[in-house]
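Undergrad: predicted model and sequence below, questions to follow.
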Amino acid sequence: MRRLIKTVVISAAVALVCVPSAARADGYFNPWAGVNFGSEVGNGRGASGVAAGAMGGGIAGGEINFGYSPSLFGTNNDFGTNTVMDLMGNLIVGVPIGGQHGSGFRPYVTAGLGLVRTQIDGGTAFDVQTSDNDFGWNAGAGFMSYFNDRVGLRGDVRYTRTLNGNIAQSLDFDAGSFHFWRTSIGLVIR
């Protein structure tokens, strides 16, 4: 976990230094840390990840969001090494208050589809080894608040749920049973 956080911070610093000053595209990069809640498992368990996207015309755009939740199902003693990873392609809609450049505030809503990968490698209490790649969806809302032309803060709350079926098998668009909420906060760089 510490190595992942260090990697995200270093990546954010490199991205900040490498962004050309003349660029006026409303793209962004967002390393984040969060907490999962609202399901039978994972309440209060940490998560981290990264999002990158762009807002076309300042109001609507798209983003890719990757989340990593180690030990979401429980402790390593009970479940062994267990993780949940989600990779979602989202539509994002938000109105920039204060303009697209300089300081400003942008509330937004987002929704999308993608992959939810769960993995349990077994433990002392539950000797189970399983991994699933399921289609899933997420929806949420949040804000981006910029301090200047390049750097700001992003806060977000999202609901993630699997769809019935496995990617390797058939896909059923009925709601799956695995779901959770996540709240996150992080640096946003444009």
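TA: Done, it's in.
Undergrad: buried residues, the lengthiest strand in the chain. List them.
TA: Ordering each strand of the chain by length in residues (DSSP state E) puts strand 171-189 first. Within strand 171-189, the residues that qualify as buried by neighbour count (16 or more other CB atoms under 10 Å) are 176, 178-184, 186-189. From N, CA and C alone the C-beta is placed, and that goes for glycine too.
Undergrad: so what pLDDT did A125 get?
TA: Here the pLDDT value assigned to A125 is 59.
Undergrad: pLDDT averaged over the strand or helix carrying N30, what's the number?
TA: Using DSSP states H and E, N30 falls within strand 27-37. Averaging the model's pLDDT scores along strand 27-37 yields 95.
Undergrad: chain center to it, what's the gap?
TA: In terms of CA atoms, centre = their mean, to the nearest Å, the centre of strand 27-37 is set 5 Å apart from its chain centre.
Undergrad: buried stuff in it?
TA: Within strand 27-37, the residues that qualify as buried are 27-36, counting by 16+ other CB under 10 Å.
Undergrad: same question, stretch 85-100
TA: Taking 16+ other CB under 10 Å as the basis for neighbour counts, the residues of stretch 85-100 that come out buried are 85-86, 88, 90, 92, 94, 96, 100.
Undergrad: next step: the residues you listed restricted to strands.
TA: For the buried residues of stretch 85-100, secondary structure assignment (DSSP E) places 85-86, 88, 90, 92, 94 in strands.
Undergrad: how about P70, nearest residue that isn't a chain neighbour?
TA: Nearest non-adjacent residue to P70, counting by CB to CB, 6 or more residues apart in numbering: T83, 5.3 Å away.
Undergrad: which SSE is that neighbour in?
TA: Counting by DSSP H and E, the element that carries T83 is strand 82-94.
Undergrad: which element follows that strand toward the C-terminus?
TA: Downstream of strand 82-94, the first helix or strand assigned by DSSP H and E is strand 104-120.
Undergrad: so what secondary structure elements neighbour that following strand?
TA: strand 60-70, strand 82-94, strand 130-146, strand 151-165 (3 or more CB pairs under 8 Å, 6 or more residues apart in numbering; DSSP states H and E).
Undergrad: that older thread, dig out what the residue nearest to P70 forms beta bridges with.
TA: As for beta bridges, T83 partners with P70, Q119 under DSSP bridges.
Undergrad: sorry, back to before: would CSV of the buried residues of strand 171-189 with distance to A141 and pLDDT be doable?
TA: Formatted as CSV, the entries for the buried residues of strand 171-189 read as follows, by distance: CB to CB, whole Å; pLDDT from 0 to 100:
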residue, distance to A141, pLDDT
G176, 22, 70
F178, 22, 87
H179, 17, 90
F180, 16, 92
W181, 12, 94
R182, 12, 95
T183, 11, 96
S184, 12, 97
G186, 16, 97
L187, 19, 97
V188, 15, 96
I189, 21, 94
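Undergrad: can the residues you listed go into CSV with extra columns for distance to G62?
TA: Output for these, formatted as CSV (distance: CB to CB, whole Å):
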residue, distance to G62
G176, 24
F178, 25
H179, 23
F180, 23
W181, 22
R182, 20
T183, 22
S184, 18
G186, 18
L187, 20
V188, 16
I189, 17
